[in-house]
Structure formats: C-alpha cells, structure tokens
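K.L.:
just a sequence and a predicted model for now, questions to come.
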Amino acid sequence: MQPVLIHNATRMTLADVGPVGAPLGQQVARLKCSEAVSLPEKQIEAGVWECTPGVWRRQVKQAEFCHFVAGHCIFTPEGGEPMEIRAGDAVFFPPNSRGVWDVKETIRKTYVMFVY
C-alpha cells in the first residue's frame, strides 16, 4: 500500500452521513465524512469527519486519534471533566470511550480509528 494524502482537509467536500445516532435535545447534529483509508483486515480507518451543532452521546468502540481543524465543542467523558476543544487541538480516545459531545460551532477533524 502507498501513502495516502488527504488534500486540504479543512475545505474538502464531504459526503452527508445523516443525523447522529444518539441525539440529546431538540437540535439534532448532522454528520459528514470522507473515508480516505479503510483496512478492514487490520481494523484501521482514516479520513475527515464533520459535525454540525448539537448535543449527543458518543458510543465508539475503536480507539481514535483525531486532530481538529475547525470548530468548537465540549466533550465530557463518562466519569470525567469536560474538555473544551477548538481548531488546532488533538485528542486520543481510548477504546470504548463514551461521553457527551456538545458541538457549539461545526467541528471538522482528521481521524484515525483502530483496534489495539
């Protein structure tokens, strides 16, 4: 496999994925995504992801490393303190990280999800 360039992650066009799976409240956030790499046999995925404002529950089984390139949100992990996240921040989520997203301004991130 050759290296994969994700060109212009801040402005590229992303496909509409639909509403979040576990919304909390009236304003239902919507997702967009562009998957750049998918290696199912190694359980690795990478790409660009975007979410509009809203509050919802995160329920992801894989570990994830992401770098936010736009927006503003607050993530509150179950049993933890709120983390304010802005463009330029990077976050590592261990496997089975659960919590609540409160997206204040549409966020966009590059991400790598994997199982270890």
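P.N.:
Received it, and whenever you're ready, just let me know what you need.
K.L.:
got the CA positions of the host helix or strand of Gly99 in PDB?
P.N.:
Assigning secondary structure by DSSP states H and E places Gly99 in strand 98-114. Written as PDB, here are the backbone C-alpha positions of strand 98-114 (Å, rounded to 0.1, in the frame of the first residue of the first chain):
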ATOM      1  CA  ARG A  98     -18.100   7.100  26.000                       C
ATOM      2  CA  GLY A  99     -19.400  10.600  26.900                       C
ATOM      3  CA  VAL A 100     -21.400  13.600  25.600                       C
ATOM      4  CA  TRP A 101     -20.500  15.900  22.700                       C
ATOM      5  CA  ASP A 102     -21.800  19.400  22.900                       C
ATOM      6  CA  VAL A 103     -20.900  21.000  19.500                       C
ATOM      7  CA  LYS A 104     -21.100  24.800  19.700                       C
ATOM      8  CA  GLU A 105     -19.700  25.500  16.200                       C
ATOM      9  CA  THR A 106     -19.400  23.000  13.400                       C
ATOM     10  CA  ILE A 107     -16.300  20.900  14.000                       C
ATOM     11  CA  ARG A 108     -14.100  19.100  11.500                       C
ATOM     12  CA  LYS A 109     -11.400  16.700  12.300                       C
ATOM     13  CA  THR A 110      -9.000  14.300  10.600                       C
ATOM     14  CA  TYR A 111      -9.000  11.000  12.300                       C
ATOM     15  CA  VAL A 112      -7.500   7.500  12.600                       C
ATOM     16  CA  MET A 113      -9.600   4.800  14.200                       C
ATOM     17  CA  PHE A 114      -8.000   1.500  15.100                       C
END
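K.L.:
so what strands line up beside that strand?
P.N.:
strand 44-51 (antiparallel), strand 54-59 (antiparallel), strand 63-77 (antiparallel) (DSSP bridges).
K.L.:
looking at the ones you listed, which is closest to Ile85?
P.N.:
strand 63-77 (5.2 Å; C-beta to C-beta). Just so you know, the C-beta spots here come from the backbone N, C-alpha and C atoms, and that holds for glycine as well.
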